[in-house]
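Student: What would the 3D arrangement of this be:
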Amino acid sequence: MSNGGTAVFVDVLTLAVSELADEPWHYRFASLIALQDQNLMGRGNVGFDLEDIDWGPSPQEQRDAKGFVLRVIDLALARHRWDELGYEPPYAAQYLEAFRAMVEAYDPAAPACGLGRPFPAMEEAALASCVRHRVLTGLPFWDGCTFCHAE
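Tutor: Numbering: from 1, shown residues only. Have a look, this model is predicted:
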């Protein structure tokens, strides 16, 4: 994915995960998405591997986590709040469909051999909300959300 494609991908996932998160693991996943903000991390310096995600120790927790990620993707595919983006993301659905296929095929119980980037711990979970944009933010890492940083 190009840098611009990554920014769009993060934007549409941020809108969706902010709507659906309501459990501790969800907020950890929201933090992972917030950490993909290229405006702060540098263009081309973000990314994560499905193997780096802490899907949970039990098969039920893994199914629940995977199900949540798929619901986030599906909500984004439904163009949730895309009218607020200020631009038309022509390739976003294509990126989301590819990501959905990867998540759907992924076995969270498989031994991890990913990039080795740590999945945010609960104390790093995205629990704060940007009042202006109504999305979860990357606190405690930085103030503001990906939309604030893009302005």
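Student: the strands in the protein, which residues?
Tutor: Along the chain, the segments classed as strands by DSSP state E run 129-130, 135-136.
Student: which residues are contacting stretch 76-84?
Tutor: 12-13, 15-16, 19, 89, 92-93, 96-97, 100 (Cβ atoms under 8 Å, 6 or more residues apart in numbering). Any C-beta I mention is one placed from the backbone N, CA and C, and that applies to glycine too.
Student: Reformat those into TSV and put pLDDT and distance to residue 30 next to each item.
Tutor: Output for the contacts of stretch 76-84, formatted as TSV (pLDDT from 0 to 100; distance: Cβ to Cβ, whole Å):
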residue	pLDDT	distance to residue 30
12	94	14
13	95	9
15	94	11
16	97	10
19	93	10
89	89	20
92	94	18
93	95	21
96	96	16
97	97	21
100	97	18
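Student: pLDDT below threshold where in the chain?
Tutor: Filtered on pLDDT under 70, the chain yields the residue ranges 1-4, 38-48, 111-117, 120-128, 130-131, 133-136, 138-145, 147-151.
Student: Could I get the full set of helices for it?
Tutor: 3-20, 24-34, 38-41, 59-77, 92-105, 146-150 (DSSP state H).
Student: Any idea which of these gets closest to residue 118?
Tutor: helix 24-34 (9.7 Å; Cβ to Cβ).
Student: Please export the C-alpha coordinates of that closest one as CSV.
Tutor: Taking C-alpha atoms only, helix 24-34 is exported to CSV below (Å, rounded to 0.1, in the frame of the first residue of the first chain):
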residue,chain,number,x,y,z
PRO,A,24,-10.7,-3.6,26.9
TRP,A,25,-9.2,-5.6,24.0
HIS,A,26,-11.1,-3.3,21.5
TYR,A,27,-9.4,-0.2,22.9
ARG,A,28,-6.0,-1.9,22.6
PHE,A,29,-6.8,-2.6,18.9
ALA,A,30,-7.9,1.0,18.5
SER,A,31,-4.6,2.1,19.9
LEU,A,32,-2.8,0.0,17.4
ILE,A,33,-4.7,1.7,14.6
ALA,A,34,-4.0,5.2,16.2
